[in-house]
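A.B. asks: from the sequence below, what's the structure:
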Amino acid sequence: MTLQEPTKRIRTTGGLVIAVFGARADVGVTTVATALARAFRSLGAEQVALVELDARAVRARSALLTGDVLVAVTDAEHFDVPGMNAVLIPQRDGVWTLALTRPRTPAMGDAKSVIVALDAIRARFPVIVVELEHQVNERTLAAFDAADRIVIVTEGSVPTLRGTQRVLRLCRRLNYPDEKMCVVVNRSDAPGSLAAADIAVALKREVVWKIGESDSFDVAGLAERLLAE
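C.D. replies: Okay, here's the model as predicted:
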C-alpha cells in the first residue's frame, strides 16, 4: 500500500501508546501487534514494550515465572509493572514482553489496574504496543482512553465487518477523534474477502493499511504512519 513519506516521531517525554484491537478473536491481533513492535524497533525506538492485556495471550506467549525461572528473572534486567501480576523482560529482538509472576492469578484486574499499569509503562518506554482482548469491557475501554492511536484489525468477511462497525460506532459515541483511529485489513487477499475500497465504504472510514497472506506481515510502513505527526 503506497503512503506519503511521514515525519518520524518518537516521544522523549511519555511514551507513544498504540492499542491493537479486533472485534473477533481470530483476525490476527497478536500477529499484528508483535509485527508492529518489531517494526518500531527497526525504525529506531531504543526500547519497545509489547503489553498483552489479554490474559490468554500472556499465558500462551510468556514463560510462567516459577522456581528457578523466577529467580533468574529477578536477578536479570526487568521492569515490574504496577497494577499487574507481571514483569516486562527484554527479548533478543529488543522488544520487552510480559511474563507472569503469579501464574494462578489473572495478569490484570479492573480498569483502574490497566490505567496504573499503562501510566507506569508509558513513563518508562518510548513506544508501547498494547494487545487487547477482543471483548469490549472496562479494561478495553480504559486502554482505548489511554492510547494515542487505536489500531482496529479487521478482515473482509461480512461477520467480521459487522463487529468492526459496532466498535467504530462506539468509538464515535465516545468522541474519539478520527486521527486516533486506524483501520487495518488483515488477510486482504483471502478468498471471498471484500476489496479494501469496499471495506472503507462499509466502515465509513479509510483503510490505512492492508496485509495480504503473502506479505509476511511487513508493517514497517504502518509503523511509520503511526509515528508520523
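
A.B. asks: give me the below-cutoff pLDDT ranges for the protein.
C.D. replies: 1-13, 54-76, 102-108, 214-216, 229 (pLDDT under 70).

A.B. asks: go again using 50 as the cut-off
C.D. replies: Counting by pLDDT under 50, the low-confidence segments of the chain come to 1-12, 59-75.

A.B. asks: now the helices for it?
C.D. replies: Using DSSP state H, the helices found in the chain span residues 29-42, 55-61, 67-75, 111-124, 138-146, 158-173, 196-203, 220-227.

A.B. asks: can you list the buried residues in the first one?
C.D. replies: Think helix 29-42. Along helix 29-42, the positions that meet the burial threshold by neighbour count (16 or more other C-beta atoms under 10 Å) are 29-41. All C-beta spots, glycine's among them, are computed from the backbone N, C-alpha and C.

A.B. asks: and for the longest one?
C.D. replies: Taking 16+ other C-beta under 10 Å as the neighbour-count basis, helix 158-173 is seen to contain the buried residues Thr160, Leu161, Gly163, Thr164, Gln165, Val167, Leu168, Cys171.

A.B. asks: can you add distance to Leu222 and give those back as CSV?
C.D. replies: Formatted as CSV, the entries for the buried residues of helix 158-173 read as follows, by distance: C-beta to C-beta, whole Å:
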residue, distance to Leu222
Thr160, 19
Leu161, 20
Gly163, 21
Thr164, 17
Gln165, 22
Val167, 19
Leu168, 18
Cys171, 19
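
A.B. asks: now the two most distant members of those.
C.D. replies: Thr160 and Cys171 (16.6 Å; C-beta to C-beta).

A.B. asks: closest one to Ala19 among the helices of the chain?
C.D. replies: Once these are compared by C-beta to C-beta, helix 138-146 is nearest, at 5.1 Å.

A.B. asks: just checking, what packs against the closest one?
C.D. replies: strand 16-22, strand 48-53, helix 111-124, strand 127-132 (3 or more C-beta pairs under 8 Å, 6 or more residues apart in numbering; DSSP states H and E).

A.B. asks: could you list the buried residues of it?
C.D. replies: Of the residues in helix 138-146, Arg139, Thr140, Leu141, Ala142, Ala143, Phe144, Ala146 count as buried by neighbour count, 16+ other C-beta under 10 Å.

A.B. asks: ok, so of these, who is nearest Pro191?
C.D. replies: For these, with Pro191 as the reference and C-beta to C-beta as the criterion, the closest is Thr140, at 30.7 Å.

A.B. asks: which non-adjacent residue is nearest the closest one?
C.D. replies: Leaving out its chain neighbours, the residue that sits closest to Thr140 by C-beta to C-beta, 6 or more residues apart in numbering is Leu132, at 5.4 Å.
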